[in-house]
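Asks: I'll drop the sequence and a predicted model, then ask my questions.
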Amino acid sequence: MTKVVLNGSVSLDGYSAGPNVSDEHPMGEGGERLHEWLFAEGSDGDAAFAATVGAVVLGRRTFDLGLRFWQDTPFPVPSFVLTHEERPPLAMRSAAFTFVTDGPKSAVARARAAAGDRDVLVMAAAETAQHVLRAGLVDEVRLQLVPVLLGAGTRLLDGLRPTELERVGVTEADDVLHLRFRVLR
């Protein structure tokens, strides 16, 4: 059965991006440290999880800042961008970006349909993560806890209502702790 999985890296103090996000610093100042584990020597970059992804939901800012680095969809699957700006689909080498203007429920529904029996990945930029969590659309939260204190920036899970989670997995690696939680309804 298709799950909607919120996935992201966070600092020990809860930030998913450092301060002053810009074209020059797409993860904010110091924020690139949150993804060093993906590219570390000997890391598989979480390949087992990536193999389960059938569609992606991401926010407009993540799209705007990430596209020049990815040069494609972030995973080789259809990607749905939450935005207020109407735009035609953008075909890429691996799949296409579809721009969704009628909210997170629509974006997740379209991603579920595209994913088939695979999972929908919600790329955890804070605003998008908060929208899908508030809408009650997330089945699982996957966090990569990185041993760094950023001290400032954008907190991933700010401003949410109380939500019960059940821990379903913990995996330790050299420079990251992978945490998995099922959202209890």
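Replies: Sure, I can see it. Numbering: from 1, shown residues only.

Asks: Only C-alpha atoms from now on, for both contacts and neighbour counts.
Replies: OK.

Asks: Would you point out which residue is most central in this structure?
Replies: Centroid check for the chain by C-alpha atoms, centre = their mean gives Met123 as the closest residue, at 1.5 Å.

Asks: was I right about that one contacting Val56?
Replies: Yes: counting by C-alpha atoms under 8 Å, Val56 is a contact partner of Met123 at 7.0 Å.

Asks: Point out where this structure drops to low pLDDT.
Replies: By pLDDT under 70, the low-scoring segments of the chain are 42, 44-45.

Asks: So for stretch 68-78, what gets flagged as buried?
Replies: Neighbour-count burial for stretch 68-78 flags Asp72, Thr73, Pro74, Phe75, Pro76, Val77, Pro78 (criterion: 16 or more other C-alpha atoms under 10 Å).

Asks: what's the closest of those residues to Gly8?
Replies: Distance to Gly8 across these (C-alpha to C-alpha) is lowest for Pro74, with 13.3 Å.

Asks: residues in contact with the closest one?
Replies: Residues near Pro74 by C-alpha atoms under 8 Å, 6 or more residues apart in numbering: none.

Asks: My reading is that it lies in a strand. Confirm?
Replies: No: with DSSP: H, G, I helix; E, B strand; the rest coil as the criterion, Pro74 is located in coil rather than a strand.

Asks: ok, it to Met27 distance?
Replies: Applying C-alpha to C-alpha, to the nearest Å, the value for Pro74 to Met27 is 15 Å.

Asks: what do you get for Arg118?
Replies: 28 Å.

Asks: who has more neighbours, these two?
Replies: Met27 (25 against 18; other C-alpha atoms under 10 Å).

Asks: There's contact between the more buried one and Ser9 in this structure, I believe.
Replies: No: between Met27 and Ser9 there is no contact under C-alpha under 8 Å: 11.0 Å.

Asks: Spell out the secondary structure type for the residue nearest to Val4 when sequence neighbours are not counted.
Replies: The spatially closest residue to Val4, leaving aside those adjacent along the chain, is Val120, at 4.7 Å (C-alpha to C-alpha, 6 or more residues apart in numbering). Remark: Val120 carries the secondary structure label strand [criterion: three-state DSSP].

Asks: mind listing what Val120 touches?
Replies: Listed by C-alpha under 8 Å, 6+ apart, the contact partners of Val120 are Thr2, Lys3, Val4, Val5, Val53, Gly54, Ala55, Val56, Val57, Val108, Ala111, Arg112.

Asks: For the second one, give me its contacts.
Replies: Yep, that's Lys3 we're talking about. Arg118, Asp119, Val120, Val138, Asp139, Glu140 are the contacts of Lys3 under C-alpha under 8 Å, 6+ apart.

Asks: Disregarding residues adjacent in the polypeptide, which is nearest to the first one?
Replies: By the measure of C-alpha to C-alpha, 6+ apart, the closest residue to Arg118 outside its immediate chain neighbours is Gly54, 4.8 Å from it.
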